[in-house]
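Engineer: build me a model:
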Amino acid sequence: MRSNRKQNHYAFAILASLFFSLTASAAWTPPDKEHKRINVIEVDVENGEKVYGELCAGCHSLEAWGSEDGEYPQIAGQHKSVLLKQVLDIRHKRRLNPPMDLIVAKNNLPDQDLADVVTYISLLPLSTDGGKGNGHLVERGKRIFQQNCAVCHGPAAQGNDDFAYPKLQSQQYAYLLRQLKHVKTGERHVPVAMSAIVKKLKEKDLYAITDYLSRIKPPKAQNASLAHMANIMAQFSNAAEEEKVIEWTPLGKEANKILALKADIKAGEALYKNVCAACHGAQGWGVTSGQYPQLAGQHKQVIVKQVLDMRHKFRINPFMDEIVKPKTLGGDQGLINVASYIESLPMSTHNGVGDARQLKMGEQLFSKNCSSCHGTNGEGLAAAAFPRLQAQHFNYLTRQLDNVRANKRIVPTAMIDALKTLSQAEATAVADYLSRTVPPQEKVSTDGGTLNILNQINLFLQDL
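Structural biologist: Residues are numbered from 1 along each chain as shown. Next comes the predicted model:
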């Protein structure tokens, strides 16, 4: 990766525009001169692999297979022209995708790196084991696709590299469904012919088409073999082992030095809006899906420690690598400013929760195993940088507990020992109980409406 890669900030104005105009992006446009110029750059595939590992793998996975739940699409094997067009569309605000703004900014992803990484991605083998529908409407979906979509996307959904029409084979079902729904409502701009076709289809037809497409297998030469998958995962495991520390560390000299600084809350607000709001929301409430946690009301000691842990690779979170750099956050002063601002934000209690089936068990297990550090009501312990867990999103809590149980997240030994005694069902019960614990009244926001808007927006934040 080039050492002179510069940092760009998220534009808060884009998030604001999403609240008030979900169709603010321009109409669909075909590949332009910039696209053609970058497309013919002589590429360095090895550099493309490095760029992908630094900027893309944290979300789309090391193999570029995305996630089965459709949060992130499979991009492996996608046509180079398609990948390039989507990056340029996001960069020039023809497609709104705030979390990608930082990634695709030209001073963060110069033309050479862009040409290299899209070429690398296009060469990766596809997985056919992604998310799929229930299989009830596959034949209906095949018929509708062949009648309406195959003329552009190809009879086998192989796409068209010349016109930058995407390959749809084995794409994640939930992602495909979300995109078609956005086309139908006008939230995503596509060629006029496609828009007209999709708007005429019934919702049942959308489910049918996406289920059919998710099951189309690419040619064998483009399929990811089990051997390839095992090799990739072995590389990933080795890299993770090299990066992570052996054990959890408490607040150190660097954190205490930052926490001793006098915070400028107004400056922290401006920094939060520019760097954090695009994912965690203007109010710091995250999203109920748990993709982004609620930060509002979190102890500033916890925020500072987590930033430093990610910065020094004590906590592995590739998507945050660029965010936590001193240059992005304005050094020590900027970090205390934004951490203090986040702490001051009122919390939402309209967060994501579980199914409430084992709340009593969750409460008992939490009280027995966790309350000595996290407080009797999940309020945390600021002095020790033990996080507040009240009203946190259930899916986020569950994911973190799973990561601890799988040794993918480093925490105090006492927490590791406690979680080892719990079954999966018991850990889930604890997460559900915590998601329903209520913060002190003075910490709770009286306005829960915006979180609902954020959750709607989140459905297309990961569009590619």
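Engineer: and Gly135, that one's in a helix?
Structural biologist: No: assessed with DSSP: H, G, I helix; E, B strand; the rest coil, Gly135 is coil; it does not lie in a helix.
Engineer: any idea how far it lies from Gln169?
Structural biologist: Per Cβ to Cβ, to the nearest Å, Gly135 is found 17 Å from Gln169. The way it works is simple: take the backbone N, C-alpha and C, and place the C-beta from them, glycine included.
Engineer: next one: Gln74
Structural biologist: Separation of Gln74 from Gln169 (Cβ to Cβ) stands at 9 Å.
Engineer: which one of these two has more residues nearby?
Structural biologist: Gln74 (29 against 25; other Cβ atoms under 10 Å).
Engineer: list the contacts for that one?
Structural biologist: Going by Cβ atoms under 8 Å, 6 or more residues apart in numbering, Gln74 touches 60, 64-66, 126-127, 130, 170-172, 175.
Engineer: how about Thr349?
Structural biologist: Each residue near Thr349 by Cβ under 8 Å, 6+ apart is listed here: 391, 438-439, 444, 448.
Engineer: neighbour-wise, which one of those residues leads?
Structural biologist: Greatest neighbour count in those, by other Cβ under 10 Å, goes to Ala391: 25 neighbours.
Engineer: and that one, what element?
Structural biologist: Assigned by DSSP states H and E, Ala391 belongs to neither a helix nor a strand.
Engineer: surely it and Pro439 touch.
Structural biologist: Yes: assessed by Cβ atoms under 8 Å, Ala391 is found in contact with Pro439 at 5.8 Å.
Engineer: which residues are in contact with each of the two?
Structural biologist: Listed as contacting both Ala391 and Pro439 by Cβ under 8 Å, 6+ apart are 347, 349.
Engineer: before we move on, which element is the residue lying farthest from the centre of the chain in?
Structural biologist: In the chain, counting by Cα atoms, centre = their mean, Gln147 sits farthest out from the average C-alpha position, at 34.5 Å. Following DSSP H and E, the helix or strand that holds Gln147 is helix 138-148.
Engineer: for that helix, buried residues please.
Structural biologist: By 16 or more other Cβ atoms under 10 Å, the buried positions in helix 138-148 come out as 138, 140-142, 144-145, 148.
Engineer: I figured Gln333 hits Leu261, correct?
Structural biologist: Yes: Gln333 is within contact range of Leu261, at 5.9 Å (criterion: Cβ under 8 Å).
Engineer: the more surrounded of these two?
Structural biologist: Using other Cβ under 10 Å as the criterion, Gln333 and Leu261 rank with Gln333 on top: 17 against 14.
Engineer: is the more buried one part of a helix or strand, or is it coil?
Structural biologist: helix.
Engineer: what sits against it?
Structural biologist: By Cβ under 8 Å, 6+ apart, the neighbours of Gln333 are 261, 264.
Engineer: check the gap between it and Glu187 for me.
Structural biologist: 39 Å.
Engineer: just to revisit the earlier point, out of the buried residues of helix 138-148, what pair is the most spread apart?
Structural biologist: Farthest-apart pair in these is Val138 and Asn148; separation 16.0 Å (Cβ to Cβ).
Engineer: sorry, back to before: for the buried residues of helix 138-148, which one is nearest Val192?
Structural biologist: Asn148 (13.9 Å).
Engineer: look at the closest residue in space to the closest one that isn't next to it in sequence and report its pLDDT.
Structural biologist: Nearest non-adjacent residue to Asn148, counting by Cβ to Cβ, 6 or more residues apart in numbering: Ile197, 4.9 Å away. Listed pLDDT for Ile197 reads 92.
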